[in-house]
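Peer 1: Sequence first, then the predicted structure:
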Amino acid sequence: NAGVTQTPKFRVLKTGQSMTLLCAQDMNHEYMYWYRQDPGMGLRLIHYSVGEGTTAKGEVPDGYNVSRLKKQNFLLGLESAAPSQTSVYFCASSYIWQGPLHFGNGTRLTVT
Amino acid sequence: AQKITQTQPGMFVQEKEAVTLDCTYDTSDPSYGLFWYKQPSSGEMIFLIYQGSYDQQNATEGRYSLNFQKARKSANLVISASQLGDSAMYFCAMSGWTQGGSEKLVFGKGTKLTVNP
């Protein structure tokens, strides 16, 4: 039972490069979320999805795009990475809206 | 706007003692949820406990209990009989709304708990 799996675990990008973070969950959860965690800031919601084919903006969506083509997958894209996007990114899913979150292990991204 | 405040950047406790981690919140919504998450040094986020705003009794999960005082807008986490493995960052969170009108979870900045042997 894998739960929520994020890939990759670590990544270093140069300014202007693009990448996609993949999140997969095997719990049949409808709701999925992408958060970023920065020192002293707690977690902030980037984008979320309430079901297959849906996405919505969270608190800090600028510079990111997402897609939920399949219920089990939620992709986070950075089209043109900036140093301000250096962070730890967490994917999460939940069975009910605003319910307890099941988190992936995080992706540490550094943009130089 | 919703806000979570954790005033203790760091806390220390002796093994086997109880410890209370503070959390105060601010919201004008009558219906909300309060959560506590644990983040060990390995980095993963682990759900600990949930309290609904209409729940009459304080939530408990094993050694974790949530001291919910609605009038004071506080939702403190109590860990009984601390263990070395409890050393971690602890985040309080509340369901709320963005300025754009969409729902979100609001997280506090966390409290780092260190359990001493």
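Peer 2: Perfect, I can see it now. Numbering: from 1, shown residues only, chains lettered A, B, ... in the order given.

Peer 1: measure residue A:92 to chain B for me?
Peer 2: With distances taken as CB to the nearest CB, to the nearest Å, residue A:92 is found 7 Å from chain B. For every residue, glycine as well, the C-beta is placed using N, CA and C.

Peer 1: That residue contacts residue A:6, correct?
Peer 2: No - between residue A:92 and residue A:6 there is no contact under CB atoms under 8 Å: 9.8 Å.

Peer 1: Who has more neighbours out of those two?
Peer 2: Remark: of residue A:92 and residue A:6, residue A:92 carries more neighbours, 26 against 22, as counted by other CB atoms under 10 Å in any protein chain shown.

Peer 1: Mind listing the shared neighbours of residue A:92 and residue A:6?
Peer 2: By the contact definition CB atoms under 8 Å, 6 or more residues apart in numbering or on different chains, residue A:92 and residue A:6 are jointly contacted by residue A:104.

Peer 1: which residues are in contact with stretch B:11-24?
Peer 2: Contact partners of stretch B:11-24, identified using CB under 8 Å, 6+ apart, comprise B:4-8, B:34, B:36, B:67, B:72-84, B:90, B:92, B:108, B:111-117.

Peer 1: Filtering the residues you listed by proximity to chain A, which remain?
Peer 2: The subset of those lying close to chain A, counting by CB under 8 Å from any CB of the partner chain, consists of B:4, B:108.

Peer 1: List only those of the contacts of stretch B:11-24 flagged as buried.
Peer 2: Buried members of the contacts of stretch B:11-24, counted by 16 or more other CB atoms under 10 Å in any protein chain shown: B:4, B:6, B:34, B:36, B:67, B:73-79, B:82, B:90, B:92, B:108, B:111-113, B:115.

Peer 1: what's the distance between the helix or strand bottoming out on mean pLDDT in chain B and the middle of its chain?
Peer 2: Within chain B, judged by mean pLDDT, DSSP states H and E, the helix or strand with the poorest mean is strand B:103-107; its value is a mean of 79. Computed by CA atoms, centre = their mean, to the nearest Å, the chain-centroid distance of strand B:103-107 equals 13 Å.

Peer 1: Give me the buried positions along that strand.
Peer 2: B:104, B:105, B:106, B:107.

Peer 1: hey, what's the third one bridged with?
Peer 2: It refers to residue B:106. residue B:94 (DSSP bridges).

Peer 1: need the contact list for it.
Peer 2: Per CB under 8 Å, 6+ apart, neighbours of residue B:106: B:2, B:3, B:4, B:93, B:94, B:95, B:96.
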